[in-house]
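> Attaching a predicted model along with its sequence, questions to come.
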Amino acid sequence: MGLFDRLMGRDLPERKDARRIYRHLMAQARTPAFYGQGGIADDFDGRIDMIALHLTIIMERLRSEGEDGALLNQALFDEMKDDFEVALREEGISDTGVKRRIKPMIGHFYDRLKTYTDALKTENPQKTLADSFVIATENENPSTFALKLADYSLDWLKDLRTLSMKQITDGRIFFPEL
């Protein structure tokens, strides 16, 4: 179900939940503390990196929820894709231009999702995540910021694992300090 279905008044419960969660994640991903000198680049790619990081963490948590988690994960992805499309349309991009530009955006998201998901499955996820942030921060070695961001990510995932599915879908998600 996409943007057209929402405009026509058709909305699935998981899309409503995803919308609430996505808005919460977007607000957090735009926190100024993530960006700037020594942090994530405050540009198009850097912002997608932060969205991807936050979606990766919540999606990782939702994988343990079976079919309900899978439905919500798909709805979160759909919400992100719709958000990207709306942003492009607000820039005055035509339908054909949106199709052409959305593909690399989604590709970048999937690249980061895979990198972050794989990092979470390693023996040392803090170091592996920090190493993956080296690319995003354009530093040669994991900086203090990259290590803090890895700790933030792992602490948040640990906190999410203590929440019920209902708490998550209600948007009772709290983020650790960076």
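Looks like it came in fine. The structure presented is a predicted model; accordingly, all values stated were derived computationally and were not measured. Residues are numbered from 1 along each chain as shown.

> Could you check which helix or strand contains the spatially most central residue of the chain?
In the chain, the C-alpha nearest the mean C-alpha coordinate belongs to Leu55, at 2.7 Å (Cα atoms, centre = their mean). Secondary structure from DSSP states H and E places Leu55 in helix 44-62.

> From Ser94, how far out is Arg112?
Per Cβ to Cβ, to the nearest Å, Arg112 is found 27 Å from Ser94. For every residue, glycine as well, the C-beta is placed using N, CA and C.

> average pLDDT for stretch 27-40?
The average pLDDT for stretch 27-40 rounds to 90.

> Would you mind measuring the gap between the ends of it?
Between the opening and closing residues of stretch 27-40 lies a distance of 16 Å (Cα to Cα, to the nearest Å).

> can you pull the contacts of the closest residue in space to Pro125 that isn't next to it in sequence?
With Cβ to Cβ, 6 or more residues apart in numbering as the criterion, Pro125 has its nearest non-adjacent residue at 5.6 Å, and that residue is Ala119. Listed by Cβ atoms under 8 Å, 6 or more residues apart in numbering, the contact set of Ala119 reads 125, 128-129, 131-132.

> so of the residues you listed, which ones are in helices?
Secondary structure from DSSP state H places 125, 128-129, 131-132 of the contacts of Ala119 in helices.

> May I see the buried residues of stretch 13-32?
Going by neighbour count (16 or more other Cβ atoms under 10 Å), the buried part of stretch 13-32 is 14-15, 17-22, 24-26, 28-29.

> Read off the pLDDT value for the residue nearest to the centre of the chain.
Leu55 is assigned a predicted lDDT (pLDDT) of 96.
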